[in-house]
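**Student:** task: produce atomic coordinates for the following.
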Amino acid sequence: ERGSSCARDGLRRELVAAAAIFGIGAIASGLRVHLFAAALERSTRRLRRDAYAAALKRKAAFFDRAVASSPEKSVAAEKPAPKEEEEEKTADETEADTAGAAAPPPEKPSTESSSSS
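**Tutor:** This is a model prediction of the structure:
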């Protein structure tokens, strides 16, 4: 009898130790999941906030299909608006600016060779 009660006590201690280890592991795992979820939530919130702020900074023309379909046009739409001083130019000043611009080079005559066989 003494041997069997000693074996039961040893088994009981091992079961209690295993249960304690599994319990601590479960708590640690739950804490890890919670911390990862919190980190993911913060990261997602920051990403959404930055994306929303970037969208608000864009000009409305960026979102037009005709403008957004062409990379050159979308880059042009991203340029900052002209300063108020530049917007207040008179028609005479604008004509004077365009009058001094260089004319495009003349077109070269086409040299189509018609060869008869």
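**Student:** what sits against Leu31?
**Tutor:** For Leu31, the contact set (C-beta atoms under 8 Å, 6 or more residues apart in numbering) is empty. (Glycine included, C-beta is placed from N, CA and C.)
**Student:** quick one: least confident helix or strand in the chain?
**Tutor:** helix 84-87 (a mean of 52; mean pLDDT, DSSP states H and E).
**Student:** for the lengthiest helix in the chain, give the mean pLDDT please.
**Tutor:** As assigned by DSSP state H, the longest helix anywhere in the chain is helix 2-57. Taken as a whole, helix 2-57 has an average pLDDT of 93.
**Student:** what about Lys59, how many neighbours?
**Tutor:** Around Lys59 there are 15 other residues, counting by other C-beta atoms under 10 Å.
**Student:** same question for Phe62.
**Tutor:** Close neighbours of Phe62, defined as other C-beta under 10 Å, add up to 16.
**Student:** ditto for Ala39
**Tutor:** Ala39 has 10 neighbouring residues, counting by other C-beta under 10 Å.
**Student:** start at 14, not 1
**Tutor:** Yep, numbering from 14; the last one is Ala52 now.
**Student:** look up how far Gly23 lies from it.
**Tutor:** According to C-beta to C-beta, to the nearest Å, Ala52 and Gly23 sit 43 Å apart.
**Student:** just the buried residues of stretch 24-44, please?
**Tutor:** When burial is assessed from 16 or more other C-beta atoms under 10 Å, stretch 24-44 yields no buried residues.
**Student:** dump that stretch to CSV, restricted to CA.
**Tutor:** The C-alpha coordinates for stretch 24-44 follow below in CSV (Å, rounded to 0.1, in the frame of the first residue of the first chain):
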residue,chain,number,x,y,z
LEU,A,24,1.9,11.0,-10.6
ARG,A,25,-0.3,13.7,-9.0
ARG,A,26,2.7,16.0,-8.8
GLU,A,27,3.6,15.4,-12.4
LEU,A,28,0.1,16.0,-13.5
VAL,A,29,-0.1,19.3,-11.5
ALA,A,30,3.3,20.4,-12.9
ALA,A,31,2.2,19.6,-16.5
ALA,A,32,-1.1,21.4,-16.0
ALA,A,33,0.7,24.4,-14.6
ILE,A,34,3.1,24.4,-17.6
PHE,A,35,0.3,24.1,-20.1
GLY,A,36,-1.7,26.8,-18.2
ILE,A,37,1.3,29.2,-18.3
GLY,A,38,1.8,28.4,-22.0
ALA,A,39,-1.8,29.1,-22.8
ILE,A,40,-1.7,32.5,-20.9
ALA,A,41,1.5,33.4,-22.7
SER,A,42,0.1,32.4,-26.1
GLY,A,43,-3.1,34.5,-25.5
LEU,A,44,-0.9,37.4,-24.5
